[in-house]
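1. Sequence first, predicted coordinates after that:
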Amino acid sequence: MKAWQFVEQGRPIQLNDVDEPTLEADGVIVSVKAAGICHTDTGYLDGTLTSALPFHPITLGHEIAGVVAEVGADVTAFKVGDRVVIPAKMEGPGTSLNGGFAARVAAPAAFVVPLPDGIGWDQAAAASDAGMTAYHAVVGQGGVTRGTKVGIIGFGGLGSLGAQIALGLGADVFVAEKNPKARDFAASLGITHVSEAIVDFADQDLDVVVDYAGFGTTTADAITAVRAGGTVVQVGLGVAEATIPIVDLVSKQVHLVGSLAGSNDDCAAVLDLIADGKVSSNLTHVTFDEIADGIAKLKNGEVVGRLVAMMSSV
């Protein structure tokens, strides 16, 4: 079959002929219906994150939705024909195993989550990484519930989902975003507190601020803006290091925590919110043949929201 693979640092992703995946006793083979394209994929190619890949060539694609095509002898939780997603994991397809930029992908059954009826393949693929990561930051690390005042920094693919998740939980949401188009998108979702910087809401006693941007100044602003005793959740990695206001951190006894990816339960919770109509990714579609072009556009900042490859052309 054909697959888009990382071959060497500094080279574009390559479309290669590869062997069909091998079914393990504890695993499944999934026929891929949609696969999300992530900024992480650009990092694998340009060298920023290449060291995370255990071998090459390796098929990329770690945001996967599809149909179970084969079931291993020891698997009882899934059957052929089940709709599923494969949540992004460091040890999973597209990072440590061959991934979903192909017609079929193998995965341990323990990595797979059922997909509720009524959710499109594109939304499901985005939920498997961006949705799960956004949910884990807001709920798992931020502890956001009904009535929480939560600041969201960055309204891209992750931040827009994090804001919707918080709204779906009944929180009061405040968005900081420099891009005017993204601010318009936030307003279109009914968010009334929208500005360029989170410090503009420093008088609002924000309980939690989630920084999906991570450009150093955004982390510092989050610490300044959050209330005394509040929590700042760091998700974005726009820069490798940040200078933060230590006086604010200490005097206000701010809880500063990191957040990475999420669990199968986090992914399932996001899928439930999507099924209930409370969360939806802002998506741009490409075909399987356009995956390389899509990655280039993502790297060049030409994509608003999430980019998903629809696999009907495979």
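-> Thanks, I have it. Numbering: from 1, shown residues only.
2. so where do the strands sit in the stretch 101-250 of the chain?
-> Applying DSSP state E, counting those that start in this stretch to the stretch 101-250 of the chain gives strands spanning 104-108, 113-114, 149-153, 172-176, 193-195, 206-211, 226-234.
3. Can you say which of the ones you listed is packed in most?
-> Of all those, strand 149-153 carries the top mean neighbour count, a mean of 29, counting by mean count of other CB atoms under 10 Å. (C-beta placed from N, C-alpha, C; glycine too.)
4. For that strand, enumerate its sheet partners and note whether each is parallel or antiparallel.
-> Note on strand 149-153: by DSSP bridges, its sheet partners are strand 172-176 (parallel), strand 206-211 (parallel).
5. Buried residues of stretch 299-306, list them for me.
-> 303-306 (16 or more other CB atoms under 10 Å).
6. Can you say which two of those are spatially most distant?
-> Of all pairs drawn from those, the greatest distance, 9.1 Å, lies between 304 and 306 (CB to CB).
7. Common neighbours of those two, please.
-> 282, 284 (CB atoms under 8 Å, 6 or more residues apart in numbering).
8. What's the per-residue pLDDT of the residue of the chain positioned farthest from its centre here?
-> Here the centre of the chain is the reference, and by CA atoms, centre = their mean the most remote residue is residue 251, at 33.3 Å. In the prediction, the pLDDT value recorded for residue 251 is 98.
9. Could you pull out the helices in the stretch 201-314 of the chain for me?
-> Ranges of helices within the stretch 201-314 of the chain are 217-225, 246-251, 264-275, 291-299, based on DSSP state H, counting those that start in this stretch.
10. Please identify the deepest-packed of those.
-> helix 217-225 (a mean of 23).
11. elements contacting that one?
-> strand 149-153, strand 206-211, strand 226-234, helix 246-251 (3 or more CB pairs under 8 Å, 6 or more residues apart in numbering; DSSP states H and E).
12. now it against strand 149-153, angle please.
-> Between the axes of helix 217-225 and strand 149-153, defined by axes from the mean of the first three to the mean of the last three CA atoms, to 10 degrees, the angle is 160 degrees.
13. For this protein, which residues score under the pLDDT cut-off?
-> 313-314 (pLDDT under 70).
14. 50 - rerun?
-> For the chain, residues meeting the criterion pLDDT under 50 lie at 313.
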